[in-house]
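Asker: Can you look at this prediction? I've put the sequence above it.
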Amino acid sequence: MTGTEGVLTVDLGAVSANWRQLAAMAPGAVGAAVKADGYGLGAVPVARALLAAGCRHFFVAHLSEGVAVREAVGPGPMIAVLNGFPPGIAGAEGLVPVLNGLPDVAAWTAAARQAGRALPALLHVDTGMARLGLDVVELERVAGDHGLLAGLDLRYVMTHLACADVPEHPLNSEQARRFGAACARLPAVPRSFANSSGLFLGPDFASELGRPGCALYGINPTPGRPNPMQQAARLEAPILQVREIPAGAAVGYGASWVAPRPSRIATVAAGYADGYLRALSGQATGILAGRSVPLVGRVSMDLITFDVTDVPLPAPGDRIGLIGPGQTPDDLAAAAGTIGYEILTSLGVRYRREYIGA
């Protein structure tokens with residue numbers, strides 16, 4: 001046995017292929033959201049692979065993420081910080097803040113005056129999420145008072161779709177209308193509109209810069225239809241012990257699962273401390289010897305248990321597949337009652353990470 005930790009294999013070739021597929025669909029440029037450590041798969045290796053594939057626009061959530069990605073990709077590509085810069089930060093070399101409200105606009109304009117040069121920024125307008133972004137009143141003030149934008153090099157005006165994964169939702173077309181009206185107030189500024197699912201909504205959602213995230217990592221951007229993206233992650237964890245138990249024996253905390261027959265139980269080195277969600281208790285399956293085996297008992301901090309009675313006798317050190325062929329992040333999410341985003345971004349630091357296809 002090579003170790004007791006699980007192995008997360010990231011296919012950078014698949015990530016790059018997914019980006020190229022999305023870039024071929026869009027009339028404008030296509031960037032990449034690499035926030036949350038590249039959706040759990042490693043922002044630095046992912047960004048480097050995407051740079052090699054031709055990506056020149058990257059999006060992160062926090063300043064520290066932007067610094068790491070800048071070091072990875074070098075000078076040149078745009079790295080936008082979606083949550084903006086923290087208060088008191090006058091600037092960060094090579095990073096572009098997203099301005100999410102009038103205070104952000106005022107602070108960045110003041111920083112430009114102090115620097116004596118135009119500073120780059122993205123301007124975020126809210127068209128239906130009611131999270132970040134300038135509301136209608138704030139946009140009117142910005143568009144009507146050019147002094148508020150003096151000294152700013154606005155690279156893009158952007159918004160974010162709330163319901164793009166539900167194509168028939170009426171808010172999609174309403175957001176397109178509102179975004180069009182907002183952009184008409186700032187006609188010289190390029191637009192950034194569609195996320196992963198938005199890129200599949202058609203020409204009304206086209207812009208000069210798309211911002212896919214989840215689709216790059218193999219999550220289905222078209223729920224309810226076949227996944228057009230390649231899977232980018234495989235997760236396996238080793239069996240630590242195999243034991244025979246009689247009918248009527250309980251397994252795990254709370255004795256929540258009781259063997260209905262004499263059974264063979266494999267204890268595997270993964271748990272909720274590794275991002276294998278506790279909500280998967282009694283719901284998920286693993287893949288062993290090419291066959292599905294049920295997770296039995298509760299997910300604990302470091303261990304999970306599978307009923308392997310119906311597969312050839314495994315040995316300690318054999319690996320059970322937790323994510324991969326036959327068990328995608330979307331499949332695991334459905335079992336946990338969540339979304340594939342949470343599955344990937346929850347992957348813990350204790351897995352040994354291997355990168356292929358770079």
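Answerer: Structure received. What you are looking at is a predicted structure, and each value in this text was computed from that prediction instead of being measured.

Asker: For A26, give me its contacts.
Answerer: 194, 199, 206, 210 (CB atoms under 8 Å, 6 or more residues apart in numbering). For the C-beta atoms, the positions are set from N, CA and C on the backbone; glycine is no exception.

Asker: How about R350?
Answerer: Going by CB under 8 Å, 6+ apart, the list of residues near R350 reads 5-6, 273-274.

Asker: same thing but 10 Å
Answerer: Neighbouring residues of R350 by CB atoms under 10 Å, 6 or more residues apart in numbering: 4-6, 8, 269-271, 273-275, 302.

Asker: Now do the same for it: helix, strand or coil?
Answerer: Recorded secondary structure, R350: coil (DSSP: H, G, I helix; E, B strand; the rest coil).

Asker: Let's test this: what are the backbone torsions at it?
Answerer: With angles defined as degrees, to the nearest 10, R350 sits at phi -80, psi -10.

Asker: pLDDT of the longest strand that the chain contains, averaged?
Answerer: In the chain, assigned by DSSP state E, the strand with the most residues is strand 233-245. Taken as a whole, strand 233-245 has a mean pLDDT of 97.

Asker: Show me what it is packed up against.
Answerer: strand 7-11, strand 263-268, strand 285-288, strand 304-307, strand 319-323, helix 329-336, helix 340-345 (3 or more CB pairs under 10 Å, 6 or more residues apart in numbering; DSSP states H and E).

Asker: returning to that earlier point: same list (the contacts of A26) but as a markdown table, adding distance to P223, secondary structure and neighbour count.
Answerer: Putting the contacts of A26 into a markdown table (distance: CB to CB, whole Å; DSSP: H, G, I helix; E, B strand; the rest coil; neighbours: other CB atoms under 10 Å) gives the following:
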| residue | distance to P223 | secondary structure | neighbour count |
| --- | --- | --- | --- |
| A194 | 16 | coil | 29 |
| L199 | 14 | helix | 25 |
| A206 | 21 | coil | 18 |
| G210 | 19 | strand | 25 |
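
Asker: Closest to V34 out of these?
Answerer: G210 (14.4 Å; CB to CB).

Asker: pretty sure that closest one contacts Y156?
Answerer: No. With contact defined as CB atoms under 10 Å, G210 does not count as touching Y156 (11.0 Å).

Asker: what touches both of those two?
Answerer: The contact sets of G210 and Y156 overlap at 29, 31, 57, 192-193 (CB under 10 Å, 6+ apart).

Asker: By neighbour count, which of those residues wins?
Answerer: Neighbour counts for those (other CB atoms under 10 Å) peak at F193, which has 29 neighbours.

Asker: those helices in the protein, which residues are they?
Answerer: Secondary structure of the chain (DSSP state H): helices at 12-25, 35-39, 43-53, 63-73, 102-115, 136-144, 170-184, 329-336, 340-345.

Asker: Compute the inter-axis angle for the longest one and helix 136-144.
Answerer: Right, helix 170-184. For helix 170-184 against helix 136-144, the angle by axes from the mean of the first three to the mean of the last three CA atoms, to 10 degrees is 20 degrees.

Asker: outside of helix 170-184, which residues touch it?
Answerer: With CB under 10 Å, 6+ apart as the test, helix 170-184 has contacts from 123, 125-129, 133-134, 136, 139-140, 143, 157-166, 169, 189-191, 193-194, 197-198, 201-202, 204-207.

Asker: 6 Å instead, please
Answerer: With contacts defined as CB atoms under 6 Å, 6 or more residues apart in numbering, helix 170-184 is touched by 125, 127-128, 139, 157, 159, 161-163, 191, 204.

Asker: how does the protein divide up, domain by domain?
Answerer: Annotated domains of the chain cover 31-217, 233-356 [automatic domain parsing].

Asker: can you put those in a markdown table and add distance to L12?
Answerer: Output for the domains of the chain, formatted as a markdown table (distance: least, CB to CB, whole Å):
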| stretch | distance to L12 |
| --- | --- |
| domain 31-217 | 4 |
| domain 233-356 | 6 |
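
Asker: Kindly write the PyMOL command that selects the buried subset of the contacts of helix 170-184.
Answerer: This is the PyMOL syntax for the buried subset of the contacts of helix 170-184, where burial follows 16 or more other CB atoms under 10 Å:
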select buried, resi 125+127+128+139+157+159+161+162+163+191
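
Asker: Chain neighbours aside, what residue packs nearest to R191?
Answerer: Spatial nearest neighbour of R191, excluding adjacent residues (CB to CB, 6 or more residues apart in numbering): S207 at 4.0 Å.

Asker: what sits against that neighbour?
Answerer: Counted by CB under 6 Å, 6+ apart, S207 has contacts 28, 191-193.

Asker: Give me the neighbour count for V34.
Answerer: Number of residues near V34 (other CB under 10 Å) recorded here: 31.

Asker: can you pull the contacts of it?
Answerer: 43, 46-47, 58.

Asker: With distance to Q231 and mean pLDDT as new columns, can the helices of the chain be given to me in TSV?
Answerer: Formatted as TSV, these follow (distance: least, CB to CB, whole Å; pLDDT from 0 to 100):
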stretch	distance to Q231	mean pLDDT
helix 12-25	6	98
helix 35-39	13	97
helix 43-53	15	98
helix 63-73	23	95
helix 102-115	38	90
helix 136-144	40	88
helix 170-184	27	96
helix 329-336	8	96
helix 340-345	11	97
